[in-house]
Structures are given as C-alpha cells and as structure tokens.
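J.: Following is a predicted model, sequence given first.
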Amino acid sequence: MFFSKFRVNDSETSRPGERAVWLRREEGSLTIFSLFIFVLILMISGMAVDMVRHEHERVALQNTLDTAVLAAGSLESGANSEAEMEAIVLDYVAKAGLDPNMVTVSPSIDGSRSRGVTATANFRMDTMFMGMMGIEELQGGAGGRAEESQQLVEIVLVLDVSGSMSRNGKIEALRPAAKDFVTEMIDRLGEDFVSISVVPYNHQVHVDDELRSRLNWQNELRTVASPLAHPGAIVNYNTHNAATRCARFRDEDFRITALSDGAVEGSAMFSGLSGRSLTPFNQYPGWADWCSDSYSQVLLYQNDETDLHDFIDTLRGQGWTSIDYGINWGVGILEDGFRPIVQDMVDNSLLDARMAGKPLSFNDPDVKKVIVLMTDGMNTDHLDLDDGFKSGPSRIWYSESLANGVEFDGFLVEMPANDANERWFVPGSPLSNADDGYLAAGSLPADAEQWDYHRLYERFRPQDVSDMFFDEDSAADNAHDNALIDTGSYGAADTRVRPICGEARAAGVDIYTIAFQAPSSSQTLLRDCADDVGRYFDVNGLDIASAFDAIAIDLTKLRLTQ
C-alpha cells in the first residue's frame, strides 16, 4: 500500500530524553493504485485494438491476393503474356483500394495450357495505442499462388441403360445431361487434351465387331474323343463362340485393374448367349437375346463432340442390370494393358490419330483418369450357360434334305439309349407333338450336320432346346432346362463392385458416382465406390444434369496451391 512518512524535528518538538517521532499518512493510496490499473488496462485494450486492425488489414490483403491470383492464373483469363497476368493481379489490388506498389507478382506461362502466378505483399500499419509502449507501427505480409496446368484427361462414362431407364423419362433425361457434360469437358479442357469413352451397360457390356476382333478371347481348340462315324460329325471345336459380344468375368477378375481378357492378364471366360423364343403365335418369332448386337455398345476414346453426341443419342434402356460388369470394363479401358487395342484401331484409322499411346499409365503424372458411374437400379441376374453347354458337339443334327423347305422338319436328335430302330428322334413342328417320329440307326441322311452348342444357342433359348428336342429324354430334358445359370446377382455382384472400385482408386482413378433415383442399397454401393462424399451424387428427380454439371465443375475448377 502506498504511504508517506514524516519526521518531527527533535529540536522543536521533542522533550529532553525523548526519541524522534515518525508519523504515517495513508489518505489517497487506493486512488493512486486505481489510476495505475486503469492505465494498464488502457494499454492492453489499445494493444488489442491495434492487433485487430492489423489482422483485419492482413485478411483483406490476403483475400484480395487470392482472388487476384485465381483470376490471373486461370487458363480462361484471356491473358496471353506474363505481363498481362501481372496487370490482372495489380488491377484487382487497386480496385480493392490497396496500393499496387506494395505487391510483387511472379507470373509464369509454360506452353499454351499451363500457367501459374504468385503474388506477395508486405504492409505497414501505424499504431494508435501501442505507441505508448514505443511501438509506432506493425508490419505484416500476405501471399498466394494459383496454378492451372492442362493434363491429358481420360474419361469413361459408365452409363446404366437397363430396362428401368426406359421408364418415367429417365433415358430422355440422361441423354442431354451426358451430352452437356461432353461439351463442357471439350470446351474447357480442349479436344487435344481430353478423350471420352462410353461404356453402356445393362445385364452385360456389349462390344462391336471392331473391338470384338481385337480382344484376345480365351479360347481352346479341342478334339472330340469319339465322334460319330458320319461326314457331318464334329471332330474339332473351339471353346470360344466367335459371335459373342460380351464377356463373363470371374470373381478374381474384379480384384485387378487390367481387363481380364487374355490380351492382358486374368482368366475371364468369354461366352455368348442368345436364342429365339418359341411361341404358339408365330413359328419364327423375334429374337430374345443376351449378348447380341441389339444392345448399345462400347464407344472408345473419342474427342469429337458431334460423334459423342450422336452416339449418346442412340442409347436406349433395355435389359437387366450388372453394375459390376460396367465398372470392371470402365477400369479395364483405362488400364495401360488396353493400349495395344487402341493403338491398332488408330493404325487402322478407326480412332483419331491423337488417341495414339492411350491409355497412358496410371502412374503417369501427365494424365488424369476419371470414371463417372451412373445407375438407377440394383444388380440383378447375371445369366450365362453352364460350362458343359458353352461349347462342343450337341446331340442335335440338321438335314436340309429332310427339311425339304420346312425348317423344323429337318432337325434330328441322337438318342443313344434308345433301341436301334428309334436311334434318331425327329421332333418336327415345335407347336405340336403330332408329327414326332423316329429314324433307325444307320439311316441318318447323308447331308446331316451335327450342331455345336454355339450354333444351337444362337438359334434357340435354353428352355426351348429342352422342350423341343429332349421331351422324350427326361435326364437330358432336365439337364438342358438347367443349362442357364446365374453367375452371381444382387448381393454377390455388389461384393464385386467394391474391390474393383478400390483397386481403381488406389491406382489414382477419380471415381464419381450418380445414383439416379436408385434404391438405398445401390446408393450405399455407389457412395462406397466413390469413397468421397464430394464425388457421390444422389438424384431424386429427373435433374440428372445437375450432377453431371457438378462433376464437370469439379474436374475443371482452378485451385489455390498455397
């Protein structure tokens, strides 16, 4: 506590023999202390005010520089020289009410599709209160850099074209949305820097003749152990059906990025399945096919806007759904093992010369690889033929002379368990049993030819084969009736999607997914495939265009680098 002391003069006030007396006065001591505290509080408050003013100016400067470098570093800025880029930055600074002289700009242009700009600034601010402590000014700085470089971008649109897409205007909404995405990518990235492939999928992914001929399908040439002693008997056969337009993949094929078709690695079994349905209304009804050319087919590595638009306009919804096959083909097309196929198509003028060398390797820093996966449904049946019915000789034969102009009168079925006088069953019309008959062993027409299973199932559906040809052989009837198998639908197919998505992301592929009015199970599946909440889009209505727009913006937006 503040106090004062006074000493009383000995000569005037003290008696002889008495000591001097010290007097203490404490009036006003609390007031002085309060003044001291007030001054201290004022100084601290003043320091806070000066610091807030300093931070406010620094943030304003930083925001201005960020905006300025984003504008100047954009490929769309219109600046054609480094001087013009610098002028853009300084103009932003001036319009923000700041002194351009305090800003240092370092622009750079590398070719026509790569540029960056750095801007730094130091500033001084006169203090209002900190001067009482001898601090007359505060200094600060801000800086930012933005760059946009044009990588080569390889995009695969994996689009659901199953039957459900044909309902409620979905396919009509998909087409313009996908076309707008194509236009945005080409306009913003430049056709020299982008390639777009389209993988339509339903219950399968279908390929055209040119791609089919370049795929190294798994195939074996086998010899029949005991062929029938007849000129038309099959002696050798190929396991691969050359007419097939789709592939069957095994579970292990979804754990590698390479398309498992023998042209690269893997053990995919390629098979075809189509057939004609028999009805009582028409002896020659329309095709009921599975892997034929009636479905939308893959389009590879294009950068021509018109060609891409025209192709997308042909997409139509039909068939079931195999999301796993769609994404597996999409990833395989981006893997560099697919390069020889693309190169051969370039060499034969089937693809633009600028597609040479694609796809680039996953680890190539000059390429960005993107998959956009869309579905409106969930995985359904994955049909295929049982291995015993995929290839090889069947018990069905055909004779033109026996047919005599009526197709179904020319079929014969070998019945090895029958007596010799009923060795060949002649089914006749599929609409009636009244004309069924038999031929004895040794009476097979000279022009009769044995059909293999490829030919048989290109002509008939499996259930029609059993009903028409094996009605008199219950064991064969049952076996052929069960020739059609499901190789993994619903949940089993879902378990294939996640590993191939994971392998692709690990290789550096950016996966965007769109659930287009999809059920909750598929929403979860697509969310897991993208593995990034910003790359998953849930479209509840028909506005699928907004999802494609958001993906286009994310792929082309300019980013601050510091």
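T.: Yep, it's here. Numbers count the residues shown, from 1 in each chain.
J.: got the residue ranges for the strands in the stretch 251-400 of the chain?
T.: 269-270, 299-302, 367-375, 383-385, 393-398 (DSSP state E, counting those that start in this stretch).
J.: Out of those, name the one with the poorest average pLDDT.
T.: The weakest mean pLDDT among the strands of the stretch 251-400 of the chain belongs to strand 269-270, with a mean of 47.
J.: any idea how far residue 464 is from residue 379?
T.: Using CB to CB, to the nearest Å, residue 464 is found at 27 Å from residue 379. Any C-beta I mention is one placed from the backbone N, CA and C, and that applies to glycine too.
J.: How many residues are close by residue 385?
T.: 22 (other CB atoms under 10 Å).
J.: ok, now how distant is the residue nearest the centre of the chain from residue 188?
T.: Nearest residue to the geometric centre of the chain (CA atoms, centre = their mean): residue 371, 2.4 Å. For residue 371, the distance to residue 188 (CB to CB) stands at 19 Å.
J.: tell me the mean pLDDT for the longest helix anywhere in the chain?
T.: Longest helix in the chain, counting residues (DSSP state H): helix 29-73. The average pLDDT for helix 29-73 rounds to 79.
J.: Now the element after that helix, going C-ward?
T.: For helix 29-73, the following helix or strand on the C-terminal side (DSSP states H and E) is helix 82-95.
J.: If you count contacts, what does that next one end up packed against?
T.: helix 29-73, strand 103-109, strand 114-126 (3 or more CB pairs under 8 Å, 6 or more residues apart in numbering; DSSP states H and E).
J.: Out of these, the one nearest residue 240 is which?
T.: strand 114-126 (46.7 Å; CB to CB).
J.: With distance to residue 449 as new columns, can the strands of the stretch 251-400 of the chain be given to me in a markdown table?
T.: Shown next, in a markdown table, are the strands of the stretch 251-400 of the chain (distance: least, CB to CB, whole Å):
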| stretch | distance to residue 449 |
| --- | --- |
| strand 269-270 | 25 |
| strand 299-302 | 38 |
| strand 367-375 | 44 |
| strand 383-385 | 21 |
| strand 393-398 | 6 |
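J.: Pick the most buried one from the ones you listed.
T.: strand 367-375 (a mean of 25; mean count of other CB atoms under 10 Å).
J.: Can you list the strands that it pairs with?
T.: strand 152-160 (parallel), strand 510-516 (parallel) (DSSP bridges).
J.: need the ones you listed in TSV with mean pLDDT and mean neighbour count, can you?
T.: TSV is the format used below for these (pLDDT from 0 to 100; neighbours: other CB atoms under 10 Å):
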stretch	mean pLDDT	mean neighbour count
strand 152-160	96	24
strand 510-516	97	25
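J.: export those to a markdown table and tack on distance to residue 238?
T.: As requested, the strands paired with strand 367-375 are arranged in a markdown table below (distance: least, CB to CB, whole Å):
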| stretch | distance to residue 238 |
| --- | --- |
| strand 152-160 | 31 |
| strand 510-516 | 37 |
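J.: and residue 149, what pLDDT?
T.: 68.
J.: Next: residue 554.
T.: 89.
J.: Can you verify my assumption that it contacts residue 532?
T.: No: applying CB atoms under 8 Å, one finds residue 554 not in contact with residue 532, separated by 10.2 Å.
J.: How many residues are close by residue 169?
T.: Residue 169 has 10 nearby residues by other CB under 10 Å.
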